[in-house]
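Engineer: Here is a sequence together with a model predicted from it:
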Amino acid sequence: MAVLPIVEIPDPRLRTVSAPVETVDDELRALIGDMFDTMYDAPGIGLAAIQVGVPKRVIVMDLQEEEDEEGKPIRAPRVFINPEILDPSEDQSVYTEGCLSVPDQYADVERPARCRVTWLDEKGESHDALFEGLLATCIQHEMDHLEGIVFIDHLSRLKRDMILKKLAKARKTAA
């Protein structure tokens, strides 16, 4: 497994609509392993394949909401291949979101509080479940990436421009 470079805004690849996965095979499972390594190294809780430059409808997530006796997060990795959102709730919730492709920037984003999702796992088996809370927010955030949407697209133009200016300044300072 390998840690892959993360594609960052304003890279045009982040605006790519990802293609459906045709076959769940060892090559795809290797990509999934690399995506987990990359996400954990970043660190993050979700990553879409396009964020590592691969325009396929693949998402990895691990909310790591529970801790062991030593206070270390317990890993609970999830894989979503060709996910689809069905029946988003009318109720909305607001979470402060961040993104590995928009480093060190956070903003409140409103999304449906619940949604039903269908997907394939890394074995090619299909699933259908109702998600709520952080899980619903995270899957919607990552699925936006599959459509070429970044979380800052949900913000006002003023807030989005402020974030992009902060990123540009941080990159200039680091260079």
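Structural biologist: Looks like it came in fine. Numbers count the residues shown, from 1 in each chain.

Engineer: buried sites along the helix or strand residue 171 falls within?
Structural biologist: Element membership for residue 171, per DSSP states H and E: helix 157-174. Neighbour-count burial for helix 157-174, counted by 16 or more other Cβ atoms under 10 Å, picks out 160, 163, 167. Backbone N, C-alpha and C define where each C-beta goes, glycine included.

Engineer: contacting residues for the last one?
Structural biologist: Applying Cβ atoms under 8 Å, 6 or more residues apart in numbering, one finds that residue 167 lies in contact with 8-9, 102-103, 105.

Engineer: Verify the contact between residue 34 and residue 53 for me.
Structural biologist: No - contact criterion Cβ atoms under 8 Å: residue 34 and residue 53 do not qualify, at 11.1 Å.

Engineer: any residues in contact with both of those two?
Structural biologist: Taking Cβ under 8 Å, 6+ apart as the criterion, residue 34 and residue 53 both touch residue 4.

Engineer: Counting neighbours around each, name which of the two comes out higher.
Structural biologist: More crowded of residue 34 and residue 53, by other Cβ atoms under 10 Å: residue 34, with 19 against 14.

Engineer: Now that one: phi and psi?
Structural biologist: Main-chain dihedrals, residue 34, degrees, to the nearest 10: phi -60, psi -40.

Engineer: now residue 146
Structural biologist: Per-residue torsions, residue 146: phi -70, psi -20 (degrees, to the nearest 10).
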